[in-house]
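Participant: Here's a sequence, model it:
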Amino acid sequence: MTPLWIALLITALPALWLMLSPLWRARALFEAQRRFEERDDANRQNVAIFRRRLTSLESALDRGDIDQARFDEDKLELERSLLEDTAPAPKRALKKPGAGRRVVPLVAVAVLVAAVVGYQRSGAEGDLRLYALRSAWESTPGHSFESYIAPLEAEAGRQPGNPNVWGTLFTLYRETGRLEQAAKALNRLIAIEGRAPALLSELAELRFFMAERTLTPEVQALVDEVLALDPRQPKILSLLGVHAFGEGDYALAIDRWRRALASLGEGETSEALRDGIREAQARMASSEANVSTDGVFE
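Facilitator: Have a look, this model is predicted:
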């Protein structure tokens, strides 16, 4: 975790510089603004513009382009505009360059604290701990699943709401034969992630084999719930195929496994299903042959 915090600190330094740099430039900016306001010559420019326009107006009168009445009207308008432009405007006093000097560092610290707290609540700190835990376990000579379970269980106490903890524990418990603990871990995962068909299928399969391949009321309820959500869920269809095969209903087993294959890509599971289909077909053919033979002898 130390490299992570160092990286976060390094990325925070530019943000802190952007927040604090105005304080370092405040004195120079203050002096520049003060000098600008002291030599403000806007009134002189307005008077020069008035004189040029008045001269142009007098020339137009001399040429006969306008009469005296029009001249008097336009001159009055120029004088009114000059008065408006040169009227003294209230100026706000410049704040001292040190104003807010204490607030900005406090804001910077508050931003850093908020970032750290926000990361701890919404970031992936927990998953990074799991990654470090797994890396340490994999680097240990002669590591086993059993040596991985104990630290993960401790991590589950620190991160009870992290689904990755319970998902990993479920897999480890299942692989080490702790099926009841695997079911508890899977139920915790379902409570966090919701009753997704994939998770419910895992639970149904686990309970099915724990009950020695029997469709108990609990397993049947899970099967019905999954099929209502996803009728093509391959794990459930595979489970139903296994049950039908065990009951000697090879045609139903073949149907369920073929439907499961349609929802699966290539892999070990697909090959296992094909082997099961071939075995079911062989047994079904053998049963039909026996029936035919019995009919001949009768």
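Participant: what helix or strand does the closest residue to L200 other than its chain neighbours sit in?
Facilitator: Excluding its sequence neighbours, the residue lying closest to L200 (C-beta to C-beta, 6 or more residues apart in numbering) is V226, at 4.9 Å. Any C-beta I mention is one placed from the backbone N, CA and C, and that applies to glycine too. Of the helices and strands defined by DSSP states H and E, V226 is found in helix 217-229.
Participant: go on, P141?
Facilitator: Take DSSP H and E as the rule and P141 turns out to sit in neither a helix nor a strand.
Participant: Can you give me the pLDDT of it?
Facilitator: Here, the pLDDT recorded for P141 equals 78.
Participant: for it, phi and psi?
Facilitator: phi -60, psi 140 (degrees, to the nearest 10).
Participant: Can you give me the distance of it to S135?
Facilitator: 14 Å (C-beta to C-beta, to the nearest Å).
Participant: Likewise for R278?
Facilitator: 42 Å.
Participant: How about R274?
Facilitator: Using C-beta to C-beta, R274 is found at 37 Å from S135.
Participant: More neighbours: these two, which one.
Facilitator: Taking other C-beta atoms under 10 Å, R274 and S135 do not tie; R274 has more neighbours (13 against 10).
Participant: What count of nearby residues applies to W166?
Facilitator: W166: 24 surrounding residues under other C-beta under 10 Å.
Participant: so it, which of the three states?
Facilitator: For W166, the assignment made with DSSP: H, G, I helix; E, B strand; the rest coil gives helix.
Participant: likewise G265?
Facilitator: For G265, the assignment made with three-state DSSP gives coil.
Participant: Roughly how far does it sit from P234?
Facilitator: For G265, the distance to P234 under the criterion C-beta to C-beta works out to 10 Å.
Participant: where's the residue nearest to L200 relative to I254, distance?
Facilitator: 21 Å.
Participant: out of those two, which sits in the more crowded spot?
Facilitator: V226 (24 against 20).
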